[in-house]
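In: sequence unavailable; structure follows:
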């Protein structure tokens, strides 16, 4: 049974009030992959009465009152994505579909949704009802932050939304503690001891006294890029549940106070949450619109863990889910897999069994599991830590057990794979298992770039690691007798990447004989290290300058270079080559990057092809990218 969305739904349960009201920018998909329904089920499990208002009219405060005033508080989220990332491309163009809305319809949530909903809730319910922000938008915007779409530094979403509390990261434990305080008659000010929480203190009010670090204030970081970078570096260093400091940042006449992160969940706690009674479908009111597109990605997939210790500069996972791996038990995953096989539309294929990074099911470092991530260090970059001991044996066993269930024909791995972590493992058992049983012809991997200085800024391994992995992968496909290919992902115009670097990557692709299908123009999403570098032009780790391609023209040129074989990109590629003084790469023939304008010269009938080589998308099974 779905949780109430209307007064009529409440009447069916004989409810006359709610304890908590959840406001979300997503349609209701009652599945653990969607934050607001998961939190709603968690609170229900803890004994509270919970209702959800999905995608309300943000121009009408009355749209939030349909189920009355909740007793303990209003929980507010933009949904599974930052609303601006959801709405706009990296070129700041409006997207044509919202995968989290009925029928993929756009326009059902506002820009900056979490802050807008929060102010609307304040208008609807006044000061006496606690407002609590959460979800990825609020989490990544909890401090003063750079906003790409307005090209400005914005204040903490706690202040911007006029909320009382902000829960950042994965909210279950923090919200449980907050709910207990409020249900016992407490007020938001009584929650200030709880980890994973941000709150407001008026200037002159009582501030925490122990293990406190004051960051440059909002006014400072908005005026000085050096101050912004220093603030980000301090925030980055303190993301440790074990010994992180309380961070304080002044916002005008108030202080933002952010407690250290909440501790990671244990395996029994993970099982408790992921075994809640989800309906595992969209709300019936969306049937007429054809459902909600985002559900297709998760309907027949299994989540095995949370967290990622990869440390990529452009990724938000470390600042939201954390770097500590939190596993579900094999028994819990197997039980869910059996339930999937009983669904009438299950065809025998489990689309994914993984997490943010599939082969990070084990932490690989006992010290990190106990004491949190090392201060100022990364597990895999610039070189793998000596304490990191890759062991994917338990994951292999889990994959085999799920694949052996009656009714399961195939288990695929579609989550990200860290190939550098595979290369650390002296054993080849996982790669063999992956190639033989869990790849559907193409394995997607993410080298992201090939130029050393760009990879250094990204926090990614040297490109030679990818080359070695490609060779090992090709050899393994031969051994198991399954021709399969790598599909590499790349990012264009990332901080640190010049036009010359983009050309270097394009030439590497041409040399390898492949054209990537997946090229992403760098999008400066809130709260990431790469976004800090994009805004400030500084690496916050050492305050050294970083080149940034900011102009629309150069960003488009860098992306076009990575898709140099597409005819629609020829003019931009020629313009980039001319700017770089590399007109020698413009011409007719395989040795050139792009042709000149106009029609090609007539070919002679006895023309030989390019050395007898034919380019093959993604590279051939020998890893060379050419078929002889």
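Out: Ah, there it is. Quick caveat: nothing in here was measured; it's all calculated off a predicted structure. Residues are numbered from 1 along each chain as shown.
In: ranges for the helices of the stretch 201-350 of the chain?
Out: For the stretch 201-350 of the chain, the helices defined by DSSP state H, counting those that start in this stretch occupy 218-223, 225-237, 267-274, 317-320, 330-341.
In: ok, of the ones you listed, where does mean pLDDT dip lowest?
Out: Ranked by mean pLDDT, the helices of the stretch 201-350 of the chain bottom out at helix 317-320, which scores a mean of 87.
In: which stretches of the stretch 1-150 of the chain form helices?
Out: Using DSSP H, counting those that start in this stretch, helices in the stretch 1-150 of the chain cover 7-12, 35-45, 83-87, 113-125, 135-140.
In: residue 581: which of those is closest?
Out: Residue 581 lies closest, by CB to CB, to one member of the helices of the stretch 1-150 of the chain: helix 83-87, at 36.6 Å. Placement of C-beta: from N, CA and C, glycine included.
In: hmm, back to that, out of the helices of the stretch 201-350 of the chain, which comes closest to residue 537?
Out: Each of those has some distance to residue 537 by CB to CB; the shortest is helix 225-237, at 6.8 Å.
In: now do the buried residues in the closest one.
Out: The neighbour-count check on helix 225-237 (16 or more other CB atoms under 10 Å) flags 225, 227-237 as buried.
In: could you do stretch 101-114 as well?
Out: Neighbour-count burial for stretch 101-114 [16+ other CB under 10 Å]: 101-104, 108-110, 112-114.
In: so can I have CSV of those residues showing distance to residue 450 and pLDDT?
Out: Output for the buried residues of stretch 101-114, formatted as CSV (distance: CB to CB, whole Å; pLDDT from 0 to 100):
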residue, distance to residue 450, pLDDT
101, 38, 98
102, 42, 98
103, 40, 97
104, 35, 97
108, 41, 97
109, 38, 97
110, 40, 98
112, 36, 98
113, 37, 98
114, 37, 98
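In: what's the closest of those residues to residue 369?
Out: Residue 369 lies nearest to residue 114 out of those, by CB to CB, at 31.7 Å.
In: who touches the top helix by length along the chain?
Out: Longest helix of the chain, by residue count under DSSP state H: helix 463-480. Residues outside helix 463-480 that contact it (CB atoms under 8 Å, 6 or more residues apart in numbering): 419-420, 422-423, 428, 431-432, 435-436, 443, 445, 447, 449-452, 455, 483-484, 486, 488, 508, 619, 621-623.
In: out of the helices of the stretch 1-150 of the chain, which comes closest to residue 361?
Out: Taking the helices of the stretch 1-150 of the chain one by one with CB to CB, helix 35-45 is closest: 20.3 Å.
In: how far is that closest one from where the chain is centred?
Out: Distance, stretch centre to chain centre, for helix 35-45: 21 Å (CA atoms, centre = their mean, to the nearest Å).
In: please identify the most buried of the helices of the stretch 1-150 of the chain.
Out: Highest mean neighbour count of these: helix 135-140, a mean of 27 (counted as mean count of other CB atoms under 10 Å).
In: go ahead and measure how far that helix is from the middle of the chain.
Out: 11 Å.
In: what residues does it touch?
Out: 24, 35-36, 76-83, 112-114, 157-158, 161, 166-169, 316, 319-320, 525-528.
In: 7 Å instead?
Out: 35, 77-83, 113-114, 157, 166, 168-169, 316, 319-320, 526-527 (CB atoms under 7 Å, 6 or more residues apart in numbering).
In: ok, stretch 430-443 next?
Out: 359, 392, 396, 399, 403, 411-413, 417, 422, 472-473, 476-477, 480, 482, 484-487, 618.
In: how many residues are close by residue 292?
Out: By the measure other CB atoms under 10 Å, the count of residues near residue 292 is 24.
In: ok, now which ones touch it?
Out: So residue 292 contacts 27, 29, 100-102, 282, 286 (CB under 7 Å, 6+ apart).
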